[in-house]
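J.: What shape does this take:
(one chain, ligands or ions: 1)
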Amino acid sequence: MIVNLISDTVTKPSKRMLESMFSASVGDDVFKEDPSVNLFENEVAELFGKEAALFFPSGTMTNQTAIKLHTRPGDQLICDHYAHIFNYEGGGVSFNSGVSCKMIQGDRGRISSKQIQNCINPSDFYHSPRTSLVCLENTTNKGGGAIYDLVEIKKIRSLCDQENLALHLDGARLWNALEVTKEDPKVYGILFDTISLCFSKGLGCPVGSVLVGSKVQINEALRIRKVFGGGMRQAGYLAAAGSYALKYHRADLNKDHLKAKEIADTLKKCSFVKEIQPVSTNIIIFSIKDDYDQDLFVQNLKEKSILIISLGKGKLRMVTHRDYTDAQHEYLISTLLKM
Ligand SMILES: Cc1ncc(COP(=O)(O)O)c(C=O)c1O
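T.: Predicted coordinates for the structure are as follows:
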């Protein structure tokens, strides 16, 4: 038994999900003739009350497409210094769009309207890059699965309207936030110009992300996706997995959240633990005391068939997911208590 807590991206499709994929009707999606992709895109657009949606092979490509959509070369976007778009998308913001990032030190990956306000370059001051876009992440990855307060997002939306800025959400794990807050996805559809959503994380699909936006934006996104080489042919087999996950997997995220809280409670009892960040969803970030070697600790767990990762700077991360079983959970808890 391997207990893999490296990420929720390690999940594999369930038997039932695979059956729904096998039985999908497919066509050539580059010609927009794949019925399963068309259906899936409509389902996601409708869920968020948006006019249109577009299926992508990865969350990175949805985010990068949105950034390209909302900016011109030389522009600047505003994001938290932990943002995935800045840290883990290979420098795509500058490579793909010729855009720089103004980074904010937020609270566990979340930025406030006040902080954003201080970072907007005056539109008539042509010496500075033009600020054109604000990107939020919900839940935050490097911030330990933290959830934004909707009140703050509403303030950020007002500021963006006032300053003529686009607002994009990296909602790779928005599903986790929605499962906790029980907020209506349509509220997010109203507040953000575009949202990128991942299906290959907690929802358990093998591949797939979706960008939602207006018809005009999604038509343009289709062109950008083509340029990025993201057009897929019989993608309906993958879209069918997404439709299945939307229907049957969303509610299961609760179990992942519960297990994550139990792991955090266990870590609190362990003498080797220095600090644990608050756990809001399925991500646990913690550090171990200075007299313990971090690499040795990770290696030690690996020898016990438990896989976790280091985020650098003394931080360790575990992510719970639908393939992390009750038996594995019991094993992890008892192992930690014995260490
Ligand atoms: C917050 C966030 N955004 C975007 C992505 C990118 O998704 P993908 O790995 O599908 O490119 C990830 C992946 O882990 C993520 O955590």
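
J.: ok now do residue 307, which residues does it touch?
T.: Contact analysis of residue 307 by C-beta atoms under 8 Å, 6 or more residues apart in numbering lists 2, 3, 4, 5, 6, 301. All C-beta spots, glycine's among them, are computed from the backbone N, C-alpha and C.

J.: And residue 290, by the same measure?
T.: With contacts defined as C-beta under 8 Å, 6+ apart, residue 290 is in contact with residue 274.

J.: where's residue 254 relative to residue 261, distance?
T.: In this view, residue 254 and residue 261 are 11 Å apart by C-beta to C-beta, to the nearest Å.

J.: And for residue 123?
T.: From residue 123 across to residue 261, the span is 45 Å (C-beta to C-beta).

J.: Based on its surroundings, how many neighbours for residue 166?
T.: Neighbour count of residue 166, defined by other C-beta atoms under 10 Å: 20.

J.: what does the one 5 residues further on give?
T.: Other residues within reach of residue 171, judged by other C-beta under 10 Å, total 30.

J.: ok, what's across the strand from it?
T.: Beta-bridge pairing of residue 171 under DSSP bridges involves residue 197.

J.: neighbour-wise, which of residue 123 and residue 261 wins?
T.: Taking other C-beta under 10 Å, residue 123 and residue 261 do not tie; residue 261 has more neighbours (16 against 13).

J.: Export the helix or strand that contains the more buried one to PDB, keeping only CA atoms.
T.: Per DSSP states H and E, residue 261 falls inside helix 253-268. Taking C-alpha atoms only, helix 253-268 is exported to PDB below (Å, rounded to 0.1, in the frame of the first residue of the first chain):
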ATOM      1  CA  LEU A 253     -14.700  16.500  -1.400                       C
ATOM      2  CA  ASN A 254     -16.200  16.900   2.100                       C
ATOM      3  CA  LYS A 255     -14.600  13.600   3.000                       C
ATOM      4  CA  ASP A 256     -11.200  14.900   1.900                       C
ATOM      5  CA  HIS A 257     -11.600  18.000   4.000                       C
ATOM      6  CA  LEU A 258     -12.600  16.000   7.100                       C
ATOM      7  CA  LYS A 259      -9.500  13.800   6.700                       C
ATOM      8  CA  ALA A 260      -7.300  16.800   6.200                       C
ATOM      9  CA  LYS A 261      -8.600  18.300   9.500                       C
ATOM     10  CA  GLU A 262      -8.000  15.000  11.300                       C
ATOM     11  CA  ILE A 263      -4.400  14.900  10.000                       C
ATOM     12  CA  ALA A 264      -3.800  18.400  11.200                       C
ATOM     13  CA  ASP A 265      -5.200  17.500  14.700                       C
ATOM     14  CA  THR A 266      -2.800  14.500  14.700                       C
ATOM     15  CA  LEU A 267       0.100  16.600  13.800                       C
ATOM     16  CA  LYS A 268      -0.700  19.000  16.600                       C
END
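
J.: what are the phi and psi values for the residue in the stretch 201-339 of the chain positioned nearest to the ligand?
T.: The ligand sits closest to residue 209 of the stretch 201-339 of the chain, with a gap of 5.7 Å, by C-beta to the nearest ligand atom. Per-residue torsions, residue 209: phi -140, psi 160 (degrees, to the nearest 10).

J.: Up against the ligand, what does the stretch 101-250 of the chain have?
T.: Counting by C-beta under 6 Å from any ligand atom, the stretch 101-250 of the chain comes close to the ligand at 137, 141, 170, 172, 198, 200, 209.

J.: and the two most separated of these?
T.: 137 and 200 (16.6 Å; C-beta to C-beta).

J.: okay, the two: which has more neighbours?
T.: Applying other C-beta under 10 Å to residue 137 and residue 200 shows that residue 137 carries more neighbours, namely 30 against 23.

J.: Could you count how many residues lie near the residue of the stretch 201-339 of the chain closest to the ligand?
T.: 26.

J.: give the contact list for it.
T.: With contact set as C-beta under 8 Å, 6+ apart, residue 209 has these partners: 55-59, 61-62, 172, 196-200.

J.: could I get the residues you listed as a markdown table with pLDDT and distance to residue 275?
T.: Formatted as a markdown table, the contacts of residue 209 follow (pLDDT from 0 to 100; distance: C-beta to C-beta, whole Å):
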| residue | pLDDT | distance to residue 275 |
| --- | --- | --- |
| 55 | 98 | 40 |
| 56 | 98 | 36 |
| 57 | 98 | 37 |
| 58 | 98 | 32 |
| 59 | 98 | 29 |
| 61 | 98 | 35 |
| 62 | 98 | 33 |
| 172 | 98 | 25 |
| 196 | 98 | 31 |
| 197 | 98 | 31 |
| 198 | 98 | 28 |
| 199 | 98 | 33 |
| 200 | 98 | 30 |
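
J.: Drop anything exposed from those residues.
T.: Buried residues within the contacts of residue 209, defined by neighbour count using 16 or more other C-beta atoms under 10 Å: 55-59, 61-62, 172, 196-200.
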